[in-house]
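In: Sequence and predicted structure are below.
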Amino acid sequence: MKVKVSRKAHFNAAHRLHNPALSDSENEELFGKCNNPNWHGHNYDVIATVKGTIDPKTGYVIDMKVLKDIMNEEVIDRFDHRNLNLDVDDFQAMNPTAENIAVVIWNRMRKRLNDNLELSIILYETERNFVEYSGE
Ligand code: NI
């Protein structure tokens, strides 16, 4: 009997999508407004879902306080009000697309969770555009 437990969090961050191996015109063609050399921001929403069995001692899959602390420490404290390209080590050599941000968040949070719990990350870059990563 497995139950999914989710928490939603929010951060604002600036980024630029750019592949230095490509020409300026190719970058503009590929990334459009997200290639703006003077940066731009997004209001990101992140939903972390933890799936597991209910602990008979507590009645919890995971203590929400624990999940909140992990999200704050691994995601919000590192990304909120930052320039992802310049301020966050994970993106020094990796384009901060929604896909890559979701993978980075998953990898960071995965390390903090017990092995018997499954983790899935949904990242909204806009209200309409979102990506999901579950470690596959
Ligand atoms: Ni963008």
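Out: All right, it came through fine.
In: Quick check: which element contains residue 86?
Out: Element membership of residue 86 [criterion: DSSP states H and E] is helix 84-87.
In: Going along the chain, name the helices of this protein.
Out: When secondary structure is read from DSSP state H, the chain shows helices at 24-31, 64-71, 77-79, 84-87, 98-110.
In: Just the buried positions in stretch 14-25, please.
Out: By neighbour count on 16 or more other C-beta atoms under 10 Å, the buried set for stretch 14-25 is 14, 15, 16, 17, 18. C-beta here means a position set from N, CA and C on the backbone, and glycine is covered the same way.
In: May I see those residues organised as JSON lines, with distance to residue 59 and pLDDT added?
Out: Shown next, in JSON lines, are the buried residues of stretch 14-25 (distance: C-beta to C-beta, whole Å; pLDDT from 0 to 100):
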{"residue": "14", "distance to residue 59": "41", "pLDDT": "98"}
{"residue": "15", "distance to residue 59": "40", "pLDDT": "97"}
{"residue": "16", "distance to residue 59": "46", "pLDDT": "97"}
{"residue": "17", "distance to residue 59": "44", "pLDDT": "97"}
{"residue": "18", "distance to residue 59": "48", "pLDDT": "95"}
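In: Reformat those residues as JSON lines; add distance to residue 110.
Out: Shown next, in JSON lines, are those (distance: C-beta to C-beta, whole Å):
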{"residue": "14", "distance to residue 110": "26"}
{"residue": "15", "distance to residue 110": "23"}
{"residue": "16", "distance to residue 110": "27"}
{"residue": "17", "distance to residue 110": "25"}
{"residue": "18", "distance to residue 110": "28"}
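In: and of the residues you listed, the nearest to residue 7?
Out: The shortest approach to residue 7 among the buried residues of stretch 14-25 belongs to residue 15, at 23.4 Å (C-beta to C-beta).
In: Surely the closest one touches residue 36?
Out: No. Using C-beta atoms under 8 Å, residue 15 is not in contact with residue 36, being 9.8 Å away.
In: contacting residues around the residue lying closest to residue 71 once chain neighbours are set aside?
Out: In space, and not counting its chain neighbours, residue 71 is closest to residue 9: 5.0 Å by C-beta to C-beta, 6 or more residues apart in numbering. Contact analysis of residue 9 by C-beta atoms under 8 Å, 6 or more residues apart in numbering lists 45, 46, 48, 71, 72, 75, 76.
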